[in-house]
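[1] Fold the following for me, if possible:
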Amino acid sequence: MSSTTIQPAWVRISHWVNALAVMLMVTSGWQIYNASPIFAGWRFPAAMTLGGWLGGALQWHFAVMWMLVANFAVYVALNLASGRFQRKLLPVSAGSLASDLFDALRGKLKHDDLACYNAVQKLAYLVVIADNRARHRVGTRDLEVRAISLAAHADGRLRQRARRAFRCGERAGRVLRRACGDGCARAALACRDDPGALIMSLRNKSGKLGAFALSHAETIIKDARGELKNPARRLLGKRILTLGGIAMLSGCDLSNDKSVNSMLRKMSSFNDDVQALLFNPTTLAPTYPESMITRPFPFNAFYDIDDVPEVDAASYRLQVGGLANGKRVWTLDELRALPQESQITRHICIEGWSAIGRWDGVRFAEFLRRACADLTAKYVSLHCADNYWTSIDMPTALHPQTQLTLAYDGETLPPKYGFPIKLRIPTKLGYKNPKHIVAISVTNDYLGGYWENQGYNWFGGS
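    Numbers count the residues shown, from 1 in each chain. Predicted coordinates for the structure are as follows:
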């Protein structure tokens, strides 16, 4: 018995690629679903999910999104180039569609010639193609915010793990709080590879630190830094894959964490590049009237509200480093003396919730100019009193709504919202808005960030 090829090889391959991509989207989507406390009553079995946690699942989701985009582009291009689009999918008349739809509803739609599409199939293909073209013409906020809000609202277990890591480092935190005027010391804990700089900074505070802290500084810092680094290593190394579902479906061995990690990192970097390309530094985020302010504004951090760092206003000093040739140390009074602006904008969290608040402070671009920062540099990194850190691109730093915030809703910025200062960036997701800032550095070196190094997109917004 001879076999007949109904569809060309490229059509069959594109359909199989789509089938694989859908299964990857579904399994990573199940993991994103598992991360949401809104649906806490039921969980998909871990062996059926992909990603291991919210950040890993989102990395898979975005990577497979580009797989679908590329496959769609190739499919449409080959259809047009070969003339198959016109031969197979056109024309579609209202009469033939009504007739075939009526037959389909009665279960009598004929499929005598498998090489020919009926009117219902033609319309379905045309709608899918048109829908994909519309969806692919999206801005950067759609690339990230919409996918995240559709995908998940929170990863509670990740938060618990982060809290444990934070608490394991509290011995170092207590030492650093005693050296409250030294923002560079806190920054060293969060971002430097050599703890020696922090130890030296602590020793310079010998008048405030006890003998025990000095003698155990190296051990304390080593333990704390180990705990701060471990989440990224564990989550991206050991937890990035849950292979049961994909191995069962494809028969592929994806157990090589290093190569898969590398692929996901590259795709995430590609997402960052696309978002940066589409970013318009003059497009403003929406603003709102005072009547729409969310009261009370939600507290959110990778630790409980009881662990909010205590920063002394009198001894606080903001350190400015890197490619900046102006004033290096700023007090709160000096920051408050700069021209102040107010904005009422929406804070959008990666967990899926949003809230509107009024933020008052200094336009960040103005601050960078007064600090004589190199505005042609690539990045601005920010380090915080709670051992958090992140970095942003210079165009975002210079955006007219990016603000060094000193007050909330007309009052001094409360500790739970980031006292003494936070960076408000309404064009980015919440994790790109650091609180309790103690050090700012202008640099051409990519430094990542606390959550970004664990799998979240670095660009993080529009």
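
[2] what's around the spatially closest residue to residue 349 that is not a sequence neighbour, how many residues?
    In this structure, residue 349 finds its nearest non-sequential neighbour in residue 430, 4.1 Å apart by Cβ to Cβ, 6 or more residues apart in numbering. The C-beta positions use only the backbone N, C-alpha and C, and glycine is treated the same way. Other residues within reach of residue 430, judged by other Cβ atoms under 10 Å, total 19.

[3] Enumerate every residue touching the closest residue to residue 43 other than its chain neighbours.
    Residue nearest to residue 43 in three dimensions, not counting chain neighbours: residue 34, with 5.0 Å by Cβ to Cβ, 6+ apart. Each residue near residue 34 by Cβ atoms under 8 Å, 6 or more residues apart in numbering is listed here: 43, 44, 49.

[4] Now do the contacts for the residue nearest to residue 68 when sequence neighbours are not counted.
    The shortest distance from residue 68 to any non-neighbouring residue, by Cβ to Cβ, 6+ apart, is to residue 21 (5.0 Å). By Cβ under 8 Å, 6+ apart, the contact list for residue 21 reads 64, 67, 68, 71.

[5] Just the buried residues of the helix or strand residue 21 falls within, please?
    In this assignment (DSSP states H and E), residue 21 forms part of helix 9-34. Residues 11, 14, 17, 20-21, 23-34 are the ones in helix 9-34 that count as buried (16 or more other Cβ atoms under 10 Å).

[6] Same question for stretch 407-419.
    So, applying 16+ other Cβ under 10 Å, buried residues of stretch 407-419: 407, 408, 409, 413, 415, 416, 417, 418, 419.

[7] gap between residue 21 and residue 57?
    Per Cβ to Cβ, to the nearest Å, residue 21 is found 15 Å from residue 57.

[8] what about the strands in the stretch 301-450 of the chain?
    318-322, 329-330, 341-348, 354-363, 379-384, 389-393, 403-408, 411-412, 422-424, 437-443 (DSSP state E, counting those that start in this stretch).

[9] could I get those as TSV with mean pLDDT and distance to residue 268?
    Formatted as TSV, the strands of the stretch 301-450 of the chain follow (pLDDT from 0 to 100; distance: least, Cβ to Cβ, whole Å):
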stretch	mean pLDDT	distance to residue 268
strand 318-322	96	25
strand 329-330	96	34
strand 341-348	96	19
strand 354-363	97	23
strand 379-384	97	17
strand 389-393	96	15
strand 403-408	98	27
strand 411-412	96	37
strand 422-424	98	22
strand 437-443	97	21
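
[10] of all these, which lies closest to residue 89?
    Evaluated over the strands of the stretch 301-450 of the chain, closeness to residue 89 peaks at strand 341-348, with 39.3 Å, by Cβ to Cβ.

[11] Report the angle between the closest one and strand 354-363.
    150 degrees (axes from the mean of the first three to the mean of the last three Cα atoms, to 10 degrees).
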